[in-house]
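Student: I'll drop the sequence and a predicted model, then ask my questions.
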Amino acid sequence: MIRFYLSCLLAFTGGHMVNYAVILYLQEKVGSDLLSGIGFGLSFGSAIVFGWFAGVLCDRISPARVIHGAQALFLLCLAGLWWTDVGATDQTRVVWTLFSAFLGGLAWSFVGPARLATLGQIAPPDKLKPATIIFNLQVLLGFGLAPLVIGLVRSRAGWPAVFATGMALFVASSLLLLGIRTQGSSQPSQGVMREMGEGFAAVRANPLLTQLILAAIMAYAMTGPMQILLPKLAREVLGLSELQRGGYLGLMALTLIAGGVSALLLGKHLHHGAAIFVGTLTACLLFASLSYWSSATVSATALGGMGLLGGMVISFVIAGIQGQAPEALRGRIMGIYSIISQVVPAASGVAAGALVRATGVTRAIWMAGVGLALLALLAAMLMPQLRRARA
C-alpha cells in the first residue's frame, strides 16, 4: 500500500504539472486566455469520449496494466511539449501544444479509474473508505505540489527542465507499481455498450450513489476556474513574482492536505452530508471573495480556507462513492467519477477562459464563485438522501 500511495503521489504531481504547464505555456508564449482554457479543456476533456471505455476496461483486465499504459501516454504528452518549446515555429506552436494536451487528456481518461479500481483490489474491504481518503490525499497533494515544482524548476532551468521533471516522475511512478498484482474479470465480455449500461443502472438503482455523483459534479465545477483564473490573479492583481506565484498556488497543497486529513480524522464524528453541502457553499463564497482582496496575505488566507474545505468535501465524496460501488462494477462506477473529475473542470475551465476574456479577472472570479454557491444551495435542497447521510 505504501508503494502504491507513493506511486500515486508522483503520478498525480506529474499529471497536474501537465495541466498547469499547458495553461501557463499558452498564456505566456501565445498570450491567449481563450487558448489556455481550450488547452486545459483538452487536458481533461478527452475523458468524455474515452473515459467510459476506460471504466469498462478496468473491470475486464488488470487495472495495474491500464495504469502503465496511461502513464506511457503522459510521457508522450510531455515529449510533445518539450518538442514544442525547442523545435516548433511560432506558426505551429499552438497546434503542437494543443495536440500534446490532447495526449495528456487521453492519459487522464484511463489513469483515474485504473488507480481507483486497483485500490479497490489491494485494500482490505473494511479499510476501503479510509484507504480511499488517503489515496485522495495523494491526488490533492499532487494538485498542490505541481505549481510549486513548475515554479522552482522553471526559475532555474526553463521549460525543457519542467517537462523532463514530469517525465521522470512518471517513470518512477511506474517502477513503484512493479510487483503490485491486480486481476480482471473472469466473466466473458458482453460488449462495451452493454457493460457501460450496467454501470449506469447500478448508479440509478442507488439514490445515495446518484446524489454522491451529482455532489462530485458540484465540487469539481470550481476546479476549472481556479486553475485558469488564479495564475492570472496572482500575476495581474496581486503582482507576485514567478516564485511567489508558485507559492501562492502551492498554498493549496497544504490546505488541501489539511482538508483531507481532517476528513480522515473527523470522518466518524461529522455528518458527511451536511459537511459536503456546507463546505462546498462556503468554499465557493471564499473563491468569490478573492475578487475583492488586493493584499496577498488576505487573499492567501481566503485561498487557504477554500482549499481546507475543498479537500474535506472531495474526500468525503470519493470515499462515499467507493463505499457504495458494487465490487463487480467498481471500474465502471469509478470511471464515471473519474470522468466527472476531469470533464467538469475542463468544461468550467473553458468557460472561465471565455469569461475572463469578456469581463476581466476579478469580475470573472466573482461571477464564478457566486454562481457556484447558488448551485450548491440548490443542490442541498434537492438531494435528501445525501443531506441525511451521516457516513
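Tutor: Received it, and whenever you're ready, just let me know what you need.
Student: could you check how many residues crowd around A325?
Tutor: For A325, the neighbour count with other Cβ atoms under 10 Å is 26. In short, each C-beta sits where N, CA and C put it, glycine included.
Student: any idea which element the nearest residue to it once chain neighbours are set aside lies in?
Tutor: Leaving aside its sequence neighbours, A325 sits nearest to I333 (Cβ to Cβ, 6 or more residues apart in numbering; 3.9 Å). Taking DSSP states H and E as the definition, one finds I333 inside helix 330-359.
Student: repeat for A79
Tutor: helix 63-87.
Student: starting at the chain centroid, how far to that helix?
Tutor: 17 Å (Cα atoms, centre = their mean, to the nearest Å).
Student: buried ones in it?
Tutor: Buried residues in helix 63-87, counted by 16 or more other Cβ atoms under 10 Å: 63-67, 70-71, 73-75, 77-78, 80-82, 84-85.
Student: can you check stretch 342-357 too?
Tutor: Neighbour-count burial for stretch 342-357 [16+ other Cβ under 10 Å]: 342-356.
Student: which among the residues you listed gets closest to M218?
Tutor: When those are compared for distance to M218 (Cβ to Cβ), V344 comes out closest, at 8.8 Å.
Student: where are the low-confidence patches of the stretch 151-300 of the chain?
Tutor: Counting by pLDDT under 70, the stretch 151-300 of the chain contains low-confidence residues at 185-189.
Student: can you pull out the helices in it?
Tutor: Along the stretch 151-300 of the chain, the stretches classed as helices by DSSP state H, counting those that start in this stretch are 159-177, 192-204, 207-220, 223-232, 242-266, 272-289, 296-324.
Student: who's in contact with the first one?
Tutor: Contacts with helix 159-177, where a contact means Cβ atoms under 8 Å, 6 or more residues apart in numbering, come from 3-4, 6-8, 10-11, 13-14, 17-18, 21, 25, 64, 67-68, 71, 74-75, 78-79, 81-82, 85-86, 149-150, 153-154.
Student: can I get it as CSV, trimmed to CA atoms?
Tutor: C-alpha atoms of helix 159-177 as CSV (Å, rounded to 0.1, in the frame of the first residue of the first chain):
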residue,chain,number,x,y,z
TRP,A,159,10.5,24.9,-19.7
PRO,A,160,12.6,21.9,-21.0
ALA,A,161,13.6,21.0,-17.5
VAL,A,162,10.0,21.2,-16.3
PHE,A,163,9.0,18.7,-19.0
ALA,A,164,11.9,16.4,-18.2
THR,A,165,11.0,16.5,-14.5
GLY,A,166,7.4,15.5,-15.3
MET,A,167,8.7,12.5,-17.4
ALA,A,168,11.0,11.4,-14.5
LEU,A,169,8.1,11.4,-12.1
PHE,A,170,6.0,9.1,-14.3
VAL,A,171,8.9,6.7,-14.9
ALA,A,172,9.5,6.5,-11.1
SER,A,173,5.7,6.0,-10.5
SER,A,174,5.5,3.1,-12.9
LEU,A,175,8.6,1.4,-11.4
LEU,A,176,7.0,1.6,-7.9
LEU,A,177,4.0,-0.3,-9.3
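Student: give me the neighbour count for A168.
Tutor: Neighbours of A168 (other Cβ under 10 Å): 14.
Student: the residue lying closest to S315 once chain neighbours are set aside and I61, how far apart?
Tutor: Spatial nearest neighbour of S315, chain neighbours left out: A263 (3.7 Å); criterion: Cβ to Cβ, 6+ apart. Distance, A263 to I61, by Cβ to Cβ, to the nearest Å: 32 Å.
Student: quick one: the helix holding A79 to helix 330-359, angle?
Tutor: Interaxial angle of helix 63-87 relative to helix 330-359 (axes from the mean of the first three to the mean of the last three Cα atoms, to 10 degrees): 30 degrees.
Student: gap between I318 and A219?
Tutor: 10 Å.
Student: so what sits against both of these two?
Tutor: In contact with both I318 and A219: no residue, using Cβ under 8 Å, 6+ apart.
Student: center of the chain, which residue is that?
Tutor: The structure's the chain has its C-alpha centroid closest to S341; by Cα atoms, centre = their mean the separation is 5.4 Å.
Student: give me every residue that touches the nearest residue to S100 once chain neighbours are set aside.
Tutor: Once flanking residues are discounted, S100 sits nearest to G80: 3.4 Å by Cβ to Cβ, 6+ apart. G80 makes contacts with W96, F99, S100, L103, as judged by Cβ under 8 Å, 6+ apart.
Student: who wins on neighbours among those residues?
Tutor: Counting neighbours by other Cβ under 10 Å, S100 leads the contacts of G80 with 27 neighbours.
Student: and that residue, what pLDDT?
Tutor: Looking at S100, its pLDDT stands at 88.
Student: what is the helix or strand containing it packed up against?
Tutor: Assigned by DSSP H and E, S100 belongs to helix 93-122. Counting contacts by 3 or more Cβ pairs under 8 Å, 6 or more residues apart in numbering; DSSP states H and E, helix 93-122 packs against helix 2-25, helix 33-45, helix 47-60, helix 63-87, helix 128-157, helix 296-324, helix 330-359.
Student: now do 10 Å
Tutor: On a contact count with 3 or more Cβ pairs under 10 Å, 6 or more residues apart in numbering; DSSP states H and E, helix 93-122 meets helix 2-25, helix 33-45, helix 47-60, helix 63-87, helix 128-157, helix 159-177, helix 296-324, helix 330-359.
Student: quick one on the thing from earlier: okay, A263 and I61: which has more neighbours?
Tutor: Neighbour count, other Cβ under 10 Å: between A263 and I61, A263 has more, with 26 against 16.
Student: contacting residues for that one?
Tutor: Contact partners of A263, counting by Cβ atoms under 10 Å, 6 or more residues apart in numbering, are 130, 133, 136-137, 270, 272, 275, 279, 311-319.
Student: average pLDDT across stretch 19-38?
Tutor: pLDDT averaged over stretch 19-38 gives 78.
Student: can you point out the buried residues in it?
Tutor: In stretch 19-38, counting by 16+ other Cβ under 10 Å, buried: 19-27, 29-30, 33, 35-38.
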